[in-house]
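Chemist: model this:
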Amino acid sequence: MHAIVISAQGGPEVLEYAEHPDPVPGDGQVVVDVAASGVNFIDIYHRSGVYPLALPSPIGSEGAGTVSAVGAGVRDVSVGDTVAWVNVLGSYAEKAVVPADRVVPVPAAVSPETAAAAMLQGMTAHYLTHSTHELRAGENVLIHAGAGGMGQLLIQLAKLKGANVYTTVSSSEKEKLARDAGADQVLRYEDFAEALRDKIDVVYDGVGAATFDGGLEALRTRGIMVLYGAASGPVPPVDPQTLNRKGSLFLTRPTLAHYTAKREELLQRSADLFGWLAAGQLTVNVSQRYPLAEARRAQEDLAGRRTTGKLLLLP
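Modeler: The predicted structure is shown next:
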C-alpha cells in the first residue's frame, strides 16, 4: 500500500509518499481500506514539531472507509463495516490500522467522504456547543474564521441551538460562505473588537494569537473565551488578572480527546453528528479533494489560508 510517513519534523517537504507493507491488525485492532482522509491543522502541528512525535511516524489523524481485517478480541466491528475515526495517527494512507474501540459506525445515509470530513471538526463543534459551554437560545456568540470548515460547522450548530451568531472573515467571498452557513452578522477581523465590545456571551476562537485580545474585548462581564486552536500562532501567556479586569471572564482551552475519551461519549457524539448530517440539519462543505500523493500541497494550501471548507485526501 501507499502511505505518507515522516522521518523528520519540519516543513511540507518532510511528507514522504511511498510504498509500505500492507498492515496486519493486532489484538483489538482493525484494518480499514481508507476511502478518504481529512486534512487538519493538527496534522501540520504533528508534521512541523509543534506536537513532537517519535520518528519515523505515520501522519494524518482522521478518516473513514471499509473494514478489511479484524484482530483478535474484536467483537463489535466486522469485515465490511463502514467506519470512521479521529485522533488516530496513520490516516494519510490507503490502509489504516485503528483500535477497534476508536472507530464509530457510519450509517448508510452518510457517505464515507462526508464521514471523513466531519469527524474532527464536526465532533469538535459538537462538544464546544454542547459541553464546553452548552449554548442557550438567544445567546450572542462570536465564531472566528466563519468561512473555514470548522467555522461553518460551528455556525450551523450554534444556530440549531438558537444562538445569535457573529463571525469574522477576511474577504467578500468568505463572507458569503459564512452567511450561507447561517451567520447573522459577518465582520472583518480589523473591525470586530470595537463593533462587538461587551456584547458577546461566548467566543469560539480557533485562530489564536491574531484574535485573542480582541475576543476578550468583545466579551460581556462573566463571558467565556473558548480557545480551541491557534491557526495564526499560539496565544502568549495570559495574566489571570486580565480576566478579572475585563469582567471576571472565563477562559478554557479544550481538546477533542478529552471529550471523547470514553467510548460511550465518542459513540454519542458521532451518532448525533451523523444524525444531523443524514437529516439535512448539518452540511459539511468539502471544498477541495487531493490525491493522497499530493498531501504536501493540501497542507500548504491549508496553512496558507488559501482554502475554505474542508480538505480531503483520496487514496
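
Chemist: What residues sit buried inside stretch 285-300?
Modeler: Going by neighbour count (16 or more other Cβ atoms under 10 Å), the buried part of stretch 285-300 is 285-290, 292, 294-296, 298-299. C-betas here are computed from N, CA, C, even on glycine.

Chemist: now swap in stretch 240-251 and tell me
Modeler: 243, 246, 249, 251.

Chemist: Which one of the buried residues of stretch 285-300 is nearest to residue 116?
Modeler: Taking Cβ to Cβ as the measure, residue 116 sits nearest to residue 286 out of the buried residues of stretch 285-300, at 9.0 Å.

Chemist: So that closest one versus residue 303, what's the distance?
Modeler: Look at residue 286 and residue 303: by Cβ to Cβ, to the nearest Å, they are 18 Å apart.

Chemist: among the buried residues of stretch 285-300, which are in helices?
Modeler: Using DSSP state H, 295-296, 298-299 are the members of the buried residues of stretch 285-300 that sit in helices.

Chemist: Would you convert the residues you listed into CSV that also reports distance to residue 138 and pLDDT?
Modeler: CSV is the format used below for these (distance: Cβ to Cβ, whole Å; pLDDT from 0 to 100):
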residue, distance to residue 138, pLDDT
295, 43, 98
296, 45, 97
298, 39, 97
299, 39, 97
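
Chemist: For the residues you listed, which two are the farthest from each other?
Modeler: Using Cβ to Cβ, these reach their maximum pairwise distance at 296 and 298, which is 7.3 Å.

Chemist: joint contacts of the two?
Modeler: Here residue 296 and residue 298 share no contacting residue, scored by Cβ atoms under 8 Å, 6 or more residues apart in numbering.

Chemist: Let me know whether residue 121 touches residue 151 as I believe.
Modeler: No: under the criterion of Cβ atoms under 8 Å, residue 121 is not in contact with residue 151, lying 9.1 Å apart.

Chemist: what about residue 309, neighbour count?
Modeler: 21 (other Cβ atoms under 10 Å).

Chemist: Any figure for the gap between residue 166 and residue 314?
Modeler: 35 Å.
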